[in-house]
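# here's a sequence, model it:
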Amino acid sequence: MIIEVKNENEMKLFGITVGSLLLGGEIIELIGDVGSGKTTFVKGLGIGLGVSDNIQSPSFTINRVYNGRDSILLSHYDFYRLETAGIMADGLRETIYDPKIVMIVEWAEVVGGILPNDRLSIKINVLTEVSRQLDINSNGDKSQELMEKIRR
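All right, here's what the predicted structure looks like:
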């Protein structure tokens, strides 16, 4: 599925839409260059998930966790600065299948062997200084179900 967003506000609104559909247990992989809008999307997703904290990029901390609605946790990983997952691999393995955690993973190729195939993949392509094309793919039943909800 391809979606075009014309500006930062539309990216955030798309994130809000996705966040409002999440039930827990979903894994979303974000692919895109630095500055492509990944954190803007996650900020919107957090709003849709009922997170009241200000969402920040986890580039320097690797992981940030936020409380959302219905006791769902938003766990946001960014492996940009790492060549391997190292000790973070253990943390991922412990939480991947937790039905109360929504996991967002940036630069997932570092942990590709750890993540399950069933994840929603959103590739953010920069079109102009402000517009983006989102190439959204599902890789399993749960992510396909989420993609169908987004499509509606």
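# which strands or helices does the helix or strand of the chain at the bottom of the mean pLDDT ranking pack on?
Lowest by mean pLDDT, DSSP states H and E among the helices and strands of the chain is helix 88-95, with a mean of 76. For helix 88-95, the packing partners by 3 or more C-beta pairs under 8 Å, 6 or more residues apart in numbering; DSSP states H and E come out as strand 73-78, strand 101-106. Glycine gets a C-beta too; all of them are placed from N, C-alpha and C.
# quick check: which of those is nearest to residue 33?
strand 101-106 (10.9 Å; C-beta to C-beta).
# can I get the CA coordinates of the closest one in PDB?
Taking C-alpha atoms only, strand 101-106 is exported to PDB below (Å, rounded to 0.1, in the frame of the first residue of the first chain):
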ATOM      1  CA  ILE A 101       3.600  -3.900  24.100                       C
ATOM      2  CA  VAL A 102       3.600  -2.000  20.800                       C
ATOM      3  CA  MET A 103       7.100  -2.100  19.400                       C
ATOM      4  CA  ILE A 104       8.400   0.400  17.000                       C
ATOM      5  CA  VAL A 105      11.800  -0.400  15.500                       C
ATOM      6  CA  GLU A 106      14.000   2.000  13.500                       C
END
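# now do the buried residues in stretch 56-75.
With burial defined by 16 or more other C-beta atoms under 10 Å, the residues of stretch 56-75 counted as buried are 57, 58, 62, 63, 64, 66, 68, 72, 73, 74, 75.
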